[in-house]
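Trainee: got a predicted structure here, sequence first:
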Amino acid sequence: IVSDDLIPNVLVMTSLVIGGVTGCFGYLISGMHSLHVLSIDQPEIVSFATGFAIGLAMTSVLLGIIGSSVNAVLVCFASSPLDFERNHPELSHEMR
């Protein structure tokens with residue numbers, strides 16, 4: 001029950017933070033090297049938004065795999081906890 005709310009929220013927050021860090025790198029690189037992405041007054045904002053979108057997309061894919069694997073472990077544990085306890089008693093005790 002804890003994982004139903006906690007794990008997806010943690011993964012989304014991690015994706016947003018990594019997207020923000022990637023956006024900051026884009027902003028800094030654009031500001032340091034005077035790279036003009038578009039012919040607008042503030043190209044740093046476009047660089048930040050592009051970096052944020054790329055970072056968010058990449059981490060969403062990677063953390064989606066982690067979220068799916070956590071869900072698979074929880075479903076397997078919930079479907080047959082006795083088999084899990086018989087084959088892996090130490091891990092079963094940790095999960096309880």
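Mentor: Cool, the structure landed. Numbering: from 1, shown residues only.

Trainee: please make it C-alpha for all contacts and neighbour counts, starting now.
Mentor: Noted.

Trainee: who's in contact with G20?
Mentor: If a contact means C-alpha atoms under 8 Å, 6 or more residues apart in numbering, then G20 has G51, F52, G55 as its contacts.

Trainee: now the second one: phi and psi?
Mentor: Put plainly, it is F52. Here is the backbone geometry of F52 (degrees, to the nearest 10): phi -60, psi -40.

Trainee: surely it touches G19?
Mentor: Yes. When contacts are counted by C-alpha atoms under 8 Å, F52 is listed as touching G19 (4.4 Å).

Trainee: overlap in contacts of the two?
Mentor: Between them, F52 and G19 share no contacting residue under C-alpha under 8 Å, 6+ apart.

Trainee: and the helix or strand where S47 lies, what's buried?
Mentor: S47 belongs to helix 43-79 when assigned by DSSP states H and E. Within helix 43-79, the residues that count as buried by 16 or more other C-alpha atoms under 10 Å are 43-56, 59-60, 63-64, 67, 77.

Trainee: equivalent analysis for stretch 78-92, please.
Mentor: Under the neighbour-count criterion of 16+ other C-alpha under 10 Å, stretch 78-92 has F84, S92 buried.
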